[in-house]
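S.K.: no sequence for this one, just the structure:
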């Protein structure tokens, strides 16, 4: 009992000593424009459990959060400061580790020209400028951005290249006024995998297969002194801590930016958690749940309030449930178990009472083009099927061909697609530009906290179960290439990708900034002027026949640890030492008690023997 009490104390001390959850830098639009330069550079990703050199946006993992409003113009310049040879490699192979581009995951925008066009790229030493016109009727929600260059996206995402993208809620009658009183917290889940995953998903293997010459200099320090092969980070940190007030309401924006793994945040019973959006699209009304299911690429927004103060561990506890092993055959290998972050709930006084203590019951409405498609008569629906299969990684028996569409579509026509996999591997289905509505899926009779979604939800990324999933969508506004692929991103790099050629006439919607709710901690973005004009098409010097230099990247000096960070690193060892001493003390105590009882028993037997001898002699 004493040992159990001390163990609980140790857990509480460990949770309280966890580093504070850090929010990424926030870049917000002003006067209808957000112009930002994202520098792709080498940085040392340092956590309490590991560190290694990696590619990053603006030298941080994750990259900055981009915040825009419907009707804004978003201008992104990718400044690729990486070194090395330019892109070279066969399609559907892993190659070109330092060539990159960007995809705005989930946004309803144009995919041609210099907008969300994944066929454009920035070679090492080059820049790529993109201008996105976000329509005025764009949904408000949680989205994200990441590299999408075919052949190196898996490596770059595995190294931490990703960031959040928020489209703000409108400040009008369509948004409940209580939304103004709710603070936002972003949780970006990313992975650091150093072995396993069939030699496709781990960072070391991806580096070797893409011929990356970036020296990782990996230091796997582990958790509590025990190194692991797979870590899930939150905002670039390992098991950080987030604090909130008792009865206060916050909006948690969860983004699974991991390239392979499911994440299943599970909440304590003392917290009221209501799902309000999936993949950036609001549900009809808040749905009570105690667990989320996030496949690679998906997002979930929840309102949360907790009635009891205390420290809680938010674990990922989905992968071992029997329902999951039946529904997702490949989830055991691609599911995350263990602590994600700590949640500290503190009591409040009259002076610190939260501004809002009840969760809103109504949510903003959806744009008209996301109308319910489930009741559209079958005779008005065109149908198509997609089968995902490995060996090799293909869709409908074909590897990705950039010059050949998998099918053609027409603007404003309703389509029904049946999507399934014919192998036990994890194949999340992701579709660009147009969200789709779930009509039927294997397990649709199971609760939300088992499957992660429900019939009628609008999604852009879903896991595929053991039987076909039926979706419906209407291509809206944007003709051109609509990409779809497996979001186990290494599978997409190896050929599990395709596109539909959407036919129709493109009419650019006029944009003007929409009045939206404020977002905290915005940073004013001032693009740096270029020193000299670049020559289009000019690449860096290509290594000669003797091969590239062994040291393409200059050494980066690690940032010295603060005294607090040093204390955090030795704290687990101190706690372990205390536990050992306590354990030895308890064992010594029981040994002493046992020995005392034996000695007492021996003395009594001796006394009785002497007493009997005296009686005999008498």
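M.R.: Sure thing, it's come through. Since we're looking at a predicted model, the values are computed, not measured.

S.K.: Next one: the nearest residue to residue 107 once chain neighbours are set aside from residue 188, what distance?
M.R.: Leaving aside its chain neighbours, residue 107 sits nearest to residue 143 (5.6 Å; criterion: CB to CB, 6 or more residues apart in numbering). No exception for glycine: its C-beta is placed from N, CA and C like everyone else's. Applying CB to CB, to the nearest Å, the value for residue 143 to residue 188 is 12 Å.

S.K.: more neighbours, those two?
M.R.: residue 188 (26 against 23; other CB atoms under 10 Å).

S.K.: In whichever strand or helix holds that one, which residues are buried?
M.R.: Using DSSP states H and E, residue 188 sits in strand 183-193. By 16 or more other CB atoms under 10 Å, the buried positions in strand 183-193 come out as 184, 186-193.

S.K.: Let me see the mean pLDDT of that strand.
M.R.: Strand 183-193 shows a mean pLDDT of 96.

S.K.: Who are the packing partners of it?
M.R.: helix 153-158, strand 163-167, strand 230-234, strand 250-256 (3 or more CB pairs under 8 Å, 6 or more residues apart in numbering; DSSP states H and E).

S.K.: Could you identify the helix or strand that succeeds the last one?
M.R.: Along the chain past strand 250-256, the next helix or strand (assigned with DSSP H and E) turns out to be strand 265-266.

S.K.: hmm, back to that, contact partners of the helix or strand following the strand holding residue 188?
M.R.: Using DSSP H and E, the helix or strand that follows strand 183-193 in sequence is helix 203-209. Residues outside helix 203-209 that contact it (CB atoms under 8 Å, 6 or more residues apart in numbering) are 52, 94, 97, 154-155, 158-159, 192-195, 197, 199-200, 212, 214, 216, 218, 490.

S.K.: Of the residues you listed, select the buried ones using a PyMOL command.
M.R.: Of the contacts of helix 203-209, the buried ones can be selected in PyMOL as follows, counting by 16+ other CB under 10 Å:
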select buried, resi 52+94+97+154+155+158+159+192+193+194+197+200+212+214+216+490
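
S.K.: worst-scoring helix or strand of this structure, pLDDT-wise?
M.R.: One helix or strand of the chain scores below all others by mean pLDDT, DSSP states H and E: helix 2-16, with a mean of 45.

S.K.: Please name the nearest non-neighbouring residue to residue 265.
M.R.: residue 292 (4.9 Å).

S.K.: shouldn't the one you found be in contact with residue 275?
M.R.: Yes: under the criterion of CB atoms under 8 Å, residue 292 makes contact with residue 275 at 7.3 Å.

S.K.: Which neighbours do those two have in common?
M.R.: Shared contacts of residue 292 and residue 275, counting by CB under 8 Å, 6+ apart, come down to 300, 302.

S.K.: Settle it for me: which of these two has more neighbours?
M.R.: It is residue 292, of residue 292 and residue 275, that has more neighbours when counted by other CB under 10 Å, with 25 against 22.

S.K.: that older thread, just name the most buried of the helices and strands packed on strand 183-193.
M.R.: helix 153-158 (a mean of 27; mean count of other CB atoms under 10 Å).

S.K.: so where's this protein uncertain?
M.R.: 1-17, 196-200, 319-333, 510, 524-581, 583-586, 588, 590-618 (pLDDT under 70).

S.K.: now stretch 164-177: how far from the chain's centre is it?
M.R.: In terms of CA atoms, centre = their mean, to the nearest Å, the centre of stretch 164-177 is set 22 Å apart from its chain centre.

S.K.: Just the endpoints, please. Distance across that stretch?
M.R.: 24 Å (CA to CA, to the nearest Å).

S.K.: Identify the residues contacting residue 109.
M.R.: By CB under 8 Å, 6+ apart, the contact list for residue 109 reads 115-116, 132-135, 433, 478.

S.K.: now do residue 361
M.R.: Residue 361 sits next to 285-286 when contact means CB under 8 Å, 6+ apart.

S.K.: tell me which element it falls in.
M.R.: Counting by DSSP H and E, residue 361 is part of no helix or strand.

S.K.: Just the buried residues of stretch 337-345, please?
M.R.: Within stretch 337-345, the residues that count as buried by 16+ other CB under 10 Å are 339-345.

S.K.: will you turn those into a markdown table that also has secondary structure?
M.R.: What follows is those, written out as a markdown table (DSSP: H, G, I helix; E, B strand; the rest coil):
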| residue | secondary structure |
| --- | --- |
| 339 | strand |
| 340 | strand |
| 341 | strand |
| 342 | strand |
| 343 | strand |
| 344 | strand |
| 345 | strand |
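
S.K.: between those, which is nearest residue 103?
M.R.: Taking CB to CB as the measure, residue 103 sits nearest to residue 340 out of the buried residues of stretch 337-345, at 25.2 Å.

S.K.: Looking at the contacts of residue 109, state which has the most neighbours.
M.R.: residue 116 (27 neighbours).

S.K.: Let me know how buried residue 439 is, in neighbour terms.
M.R.: 17.

S.K.: contacting residues around it?
M.R.: 373-374, 416, 455, 470-472.

S.K.: partner residues bridging the residue most central in space within the chain?
M.R.: Nearest to the mean C-alpha position of the chain, by CA atoms, centre = their mean, lies residue 256 at 2.1 Å. Going by DSSP bridges, residue 256 is paired in beta bridges with residue 189.

S.K.: wait, isn't it in contact with residue 279?
M.R.: No: using CB under 8 Å as the test, residue 256 is too far from residue 279 to be in contact (10.5 Å).

S.K.: The helices and strands packed on strand 183-193: which one's closest to residue 47?
M.R.: strand 230-234 (6.4 Å).

S.K.: So what touches the closest one?
M.R.: For strand 230-234, contacts defined as CB under 8 Å, 6+ apart pick out 21, 47, 49-50, 61, 187-194, 196, 238, 240, 258, 261, 263, 316, 336, 338, 340-341.

S.K.: Tell me how far the residue lying closest to residue 191 once chain neighbours are set aside lies from residue 88.
M.R.: Once flanking residues are discounted, residue 191 sits nearest to residue 258: 4.0 Å by CB to CB, 6+ apart. Separation of residue 258 from residue 88 (CB to CB): 28 Å.

S.K.: quick one, which of those two is more surrounded?
M.R.: residue 258 (30 against 12).

S.K.: phi, psi of that one?
M.R.: Phi and psi for residue 258, reported as degrees, to the nearest 10, are phi -70, psi 150.

S.K.: ditto for residue 271
M.R.: phi -110, psi 140.

S.K.: And for the closest residue in space to it that isn't next to it in sequence, the neighbour number?
M.R.: Leaving aside its sequence neighbours, residue 271 sits nearest to residue 306 (CB to CB, 6+ apart; 4.1 Å). Residues lying near residue 306 (other CB under 10 Å) number 24.

S.K.: Distance of residue 306 relative to residue 177?
M.R.: 23 Å.

S.K.: same check, this time on residue 67
M.R.: In terms of CB to CB, residue 67 sits 20 Å off from residue 177.

S.K.: Pull out the buried residues from stretch 359-379.
M.R.: For stretch 359-379, burial by neighbour count (16+ other CB under 10 Å) applies to 359-360, 363-364, 366-367, 369-370, 373.

S.K.: Could you dump these into JSON lines with distance to residue 513 added?
M.R.: Below are the buried residues of stretch 359-379 laid out as JSON lines (distance: CB to CB, whole Å):
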{"residue": "359", "distance to residue 513": "29"}
{"residue": "360", "distance to residue 513": "25"}
{"residue": "363", "distance to residue 513": "23"}
{"residue": "364", "distance to residue 513": "18"}
{"residue": "366", "distance to residue 513": "21"}
{"residue": "367", "distance to residue 513": "17"}
{"residue": "369", "distance to residue 513": "21"}
{"residue": "370", "distance to residue 513": "22"}
{"residue": "373", "distance to residue 513": "30"}
